Structure formats: structure tokens, C-alpha cells
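Enquirer: here are the coordinates; sequence isn't available:
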């Protein structure tokens, strides 16, 4: 496998390592990256970048010492900006590259591919981009609904795009779940009732879960998911489409036939698994964490409101005020050692969800009631047992349908719908139930051309194959 450090220059991360200049260099990289916003490529005149960096260094009063010992000889901010550009263009760093115009001999700065990705990563860390969760579901739905648009390249424009949107939605929901957990931890550390109230208002307005709210408020989102799961199952059962996907995967990813087949199967299964089970589990976890957030927020508000009430709270505030003043003017250093313990205030301010719940009041018995017990005879017990067995009997269960197909197939491996009896309503229900449980019972069901009419219904012809 290719290692990351076999691709990037040896000092690629040196400017961001711990030290006095990492903040300045990260800001300089962001300024350079932002200069390319209105350009048609990542190629810009060197003087333009130098001037932008010089303005930043001047406005923030950056000294030569902050940029490193090798820049001691710099005389002004233009020289310092030029030195920063040369440093970024060096082979050891490799964030930028310098190029000269063949016609005008003007120097240009080109941002390398690794430099662009690093700048985007830093920007994403500083200000994460909000994602619209519902758009991923709609994208998958639109792709599957308009199959003629990707019929020429079903793997690249179809399955790969579907898998990518499902993966992005899964990652986005997981990040949201983690983010809500951080909010809960921050709520526990709140120090004032005012700041706590602000956070509760922020939650109620839905600022940090706005995208989640839009996803859950879509009343017909389950319709899209049902359609998607059905279409993915149709693709998986369509041997012709599966063959095209495997061929496209082998060409696009450079894989062997069997490797491409495994990858296509894995992509289909992973997408269906996420939309069928994982999606519901993640959403349930997010809802659970939101409930915990609100419980802790309300309990914390009660605790902060009542903490300083009474004589003990007033004394605590007085001692804390004295300790803060003594620390500010330096009196704590002059205290004798035996008196230092007087100003160590322990704060036991953590509460859990159990401490904010009020116990339920047990219901008292209002009126005395008595019931006369009547013993059942053996005949009554047998009659009740037979009635329950009759009620619980299911003639169309999975086991019954497996036995039905085995009798219908006999020694053969394939059975078409025309060969199944459908003269009565019971026969029709048996055939439909056998198809419904076919895959679970070890059979493969394929649709055929044409229709058959029975019991005032028009059904698509099908065949049932026994898996080896």
C-alpha cells in the first residue's frame, strides 16, 4: 500500500506543528486560498499574494521573531510576505509552486493539490459546513426514478452515485449524533442561569438541528425509502443489470471480474442495510440524545436557580468573591500555609437525569373489590385450548409455504406461475404467499414478460427457481 508520507513533502506539516508561528502560517495559508475564489484557476500573480499577506502581517502586528529565526534579516512587511511565499514554495513544504509566464516573464504562484486539500481541511475545521440531510435521500430517489439517464453508464452514474449519497448521509447523521453529545457535555459545565437559558432557546429554535428537523418533518420520507429499497432489490435480482454494473466497476476501478462482482454486491447490500436498519437506529439515537439534553438542561436550570439561595449560598458567594479579589491583587501568595485551605471551594455541581425526575405517586385503593374464582373442567380447558390453536393457525406461514413450493416443484428446480393452481381465492393467496416468502425459504423469484388474469386481478407472470 502507498503511504501518505510517500506522496507529500517531508515538511508538509512542519508549519502547523506546535510552536509560536503555527497560528500565523495557518492564517497565511487561508488568506492565500481565499485569494483564488474569483480566479478561474489556482494560478495567480505573485505580487497579488504578497500584498495580501503583507496587509495581514501589518494589521496583526506580526513580528519577525514569530515567523522563525531564518527571517531575522527581513526589513519590512513586504519582505516578510515574500519570505512566507518562498517558504511555502520550498520543496520541503510543498503548499505552493512558483511559475513564470513565458510571454511577460511575470511570476505566478500555483497552489498544489495537497495545499488546496490542506486549506480546505483547515477551513472545514474552523467553520464546518452544514449539510442538508434530506437532499441525500432525494438525490438517491431521483437517480433510481430516472434510470434512463444513467443507462449508458449504470455503475459510474448510477450505483456509485447512489452509494456515495448513502455514505454521505450516514456520515452526516453520525456527526450530528456526536455533536449533540458535545452540546450535552457543554450544558453540564454551564456556570450561569443566563447562558443556560440562551442555549435552551437556541435548541428550541432548532439552530443546531435545523437540518435534522427538516429531515424528520418530511411526512413522506418513508415513501422515498420504500421506493429506494424496492428499486435496489430489483437491480440486485436483475441479472442483466448486475452484469452491466460488474463490467462498469471492473473498468472504472481496475478490478478483476470476481473482485468487481464482490464490490458491486457489497455496495448494494451496504446501501440497503443503511436505509433499512442503520438509518432508523441512528435517528433513534439522535432523538434519545435530544431528550437527554432537554432533561439535563431543565435540571441544571433548577439546580442553578436554587444553588445560591439561603445563608450557605450567601457565605459561599462571599468567600468566592474574596478569593477572586485576593488572587487578582496577589494576596493569596502572602497567606500562611495553614490558611490556604480556607479558600478551596469544592463544587459538586454535576447531576444526572435521575435526580430531576419526580417519583410517581402510588395510586391508593378507593373501593374494595372481590372476584369469585371458578375452576374450569377438563372439557372446558380442552375446548379453550382448541379454540386458541384454531385462532393461532396460519395456513400461509413461511413453513407452510416452503412445504407448498416443495410439493409444487417436485424433483424440478424451476416453476412458472402458469403451472401454479389459481382457480380459487385460497390458491391465489397460497401462490402470493409463496412468492413473498420465496427468498427466505431459499428460492429466487424472477419476473417474466406478460400478465395472467385470475380472480378479477391482473398479475405479472413470474418464475420460481430453487437456489443450489
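Expert: Noted; the coordinates are in hand. Fair warning: this is a prediction, and the values are worked out from it, not measured in the lab. Residues are numbered from 1 along each chain as shown.
Enquirer: ranges for the strands of the stretch 1-150 of the chain?
Expert: Ranges of strands in the stretch 1-150 of the chain, per DSSP state E, counting those that start in this stretch, are 43-45, 96-100, 107-111.
Enquirer: can I get those in JSON lines including mean neighbour count?
Expert: Just so you know, the C-beta spots here come from the backbone N, C-alpha and C atoms, and that holds for glycine as well. Below are the strands of the stretch 1-150 of the chain laid out as JSON lines (neighbours: other C-beta atoms under 10 Å):
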{"stretch": "strand 43-45", "mean neighbour count": "16"}
{"stretch": "strand 96-100", "mean neighbour count": "16"}
{"stretch": "strand 107-111", "mean neighbour count": "19"}
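Enquirer: got those strands as JSON lines, with mean pLDDT and distance to residue 11 columns?
Expert: Shown next, in JSON lines, are the strands of the stretch 1-150 of the chain (pLDDT from 0 to 100; distance: least, C-beta to C-beta, whole Å):
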{"stretch": "strand 43-45", "mean pLDDT": "88", "distance to residue 11": "23"}
{"stretch": "strand 96-100", "mean pLDDT": "89", "distance to residue 11": "13"}
{"stretch": "strand 107-111", "mean pLDDT": "90", "distance to residue 11": "17"}
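Enquirer: next, format the ones you listed as a markdown table and append distance to residue 265.
Expert: What follows is these, written out as a markdown table (distance: least, C-beta to C-beta, whole Å):
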| stretch | distance to residue 265 |
| --- | --- |
| strand 43-45 | 44 |
| strand 96-100 | 43 |
| strand 107-111 | 40 |
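Enquirer: which helix or strand contains residue 247?
Expert: Taking DSSP states H and E as the definition, residue 247 sits inside helix 239-253.
Enquirer: what is the neighbour count of residue 250?
Expert: Number of residues near residue 250 (other C-beta atoms under 10 Å) recorded here: 19.
Enquirer: element containing residue 428, please.
Expert: Assigned by DSSP H and E, residue 428 falls in helix 425-436.
Enquirer: could I get the buried residue list for that helix?
Expert: 428, 430, 431, 433, 434, 435 (16 or more other C-beta atoms under 10 Å).
Enquirer: quick check: chain neighbours aside, which residue is closest to residue 144?
Expert: Spatially, and ignoring its direct neighbours in sequence, residue 144 is nearest to residue 231 (4.2 Å; C-beta to C-beta, 6 or more residues apart in numbering).
Enquirer: distance check, the one you found against residue 169.
Expert: Using C-beta to C-beta, to the nearest Å, we find residue 231 at a distance of 17 Å from residue 169.
Enquirer: please identify which of these two sits among more neighbours.
Expert: residue 169 (23 against 17).
Enquirer: could you list the domains of the chain?
Expert: For the chain, the domain assignment from automatic domain parsing gives the residue ranges 4-126, 133-306, 392-466.
Enquirer: what is the end-to-end distance of the last one?
Expert: End-to-end distance of domain 392-466 (C-alpha to C-alpha, to the nearest Å): 29 Å.
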